[in-house]
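Colleague: sharing a model that was predicted from the sequence below.
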Amino acid sequence: MLDHTDKEILKELLENSRISMKQLGEKVHLTGQAAANRVLKLEEEGVIENYTVTLNQAKIGYPVHTFINIYTKSTKHDPYLSFLDKHQAYVKNNYKISGDGCYLLECRFPDNSELDEFLTELNHYTNYKLSIVINKRNGLTT
């Protein structure tokens, strides 16, 4: 079970995973060493799985952000999954889901014409419903 201090540590690390342990300790009212020990424990317990870099997708050439509900046309999903393998540059996440659809596909595209080409080819393998992200509101909590 995570206590209040663990949750505060996670909140701070989500905002800046490069923070020094001394600074982290100051923010959560611990010494730097105590904060480091807590972080190590969270890593060992698998609460913290890894540290990553978040890229500004628009600035690297992929401003069109989409979520696509996928409805496979048959019980054999291999053709769809092979299609995704060929288009990895666009695919950010492919979630197998329950509920409305078989998969939820998150993609980024450089422009609407490439999105259109992708969807035209995708339609050979699946039916889909497209949602385009208009704006992202940050507000992650732990």
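Modeller: Ah, there it is.

Colleague: residue ranges with poor pLDDT in this protein?
Modeller: Low-confidence segments of the chain, defined by pLDDT under 70: 139-142.

Colleague: the residue most central in space within the chain: helix or strand, and which one exactly?
Modeller: By CA atoms, centre = their mean, the mean C-alpha position of the chain lies nearest to residue 93, the distance being 6.8 Å. In this structure, residue 93 sits in strand 91-96 according to DSSP states H and E.

Colleague: strands paired with that strand, and their directions?
Modeller: strand 103-109 (antiparallel) (DSSP bridges).

Colleague: longest strand in this structure, please.
Modeller: Longest strand of the chain, by residue count under DSSP state E: strand 64-72.

Colleague: pretty sure residue 59 is in a helix, no?
Modeller: No - with DSSP: H, G, I helix; E, B strand; the rest coil as the criterion, residue 59 is coil rather than part of a helix.

Colleague: phi first, then psi, for it.
Modeller: Per-residue torsions, residue 59: phi -70, psi -20 (degrees, to the nearest 10).

Colleague: quick one: it and residue 108, what's the gap?
Modeller: Distance from residue 59 to residue 108, counting by CB to CB, to the nearest Å: 12 Å. Every C-beta, even on glycine, is put in place using the N, C-alpha and C of the backbone.

Colleague: who has more neighbours, these two?
Modeller: residue 108 (20 against 8; other CB atoms under 10 Å).

Colleague: now that one: closest residue in space, sequence neighbours ignored.
Modeller: Leaving aside its chain neighbours, residue 108 sits nearest to residue 62 (3.7 Å; criterion: CB to CB, 6 or more residues apart in numbering).

Colleague: wouldn't the one you found be in contact with residue 114 here?
Modeller: No - contact between residue 62 and residue 114 fails when scored by CB atoms under 8 Å: they sit 9.5 Å apart.

Colleague: joint contacts of these two?
Modeller: Shared contacts of residue 62 and residue 114, defined by CB atoms under 8 Å, 6 or more residues apart in numbering, are found at residue 90.
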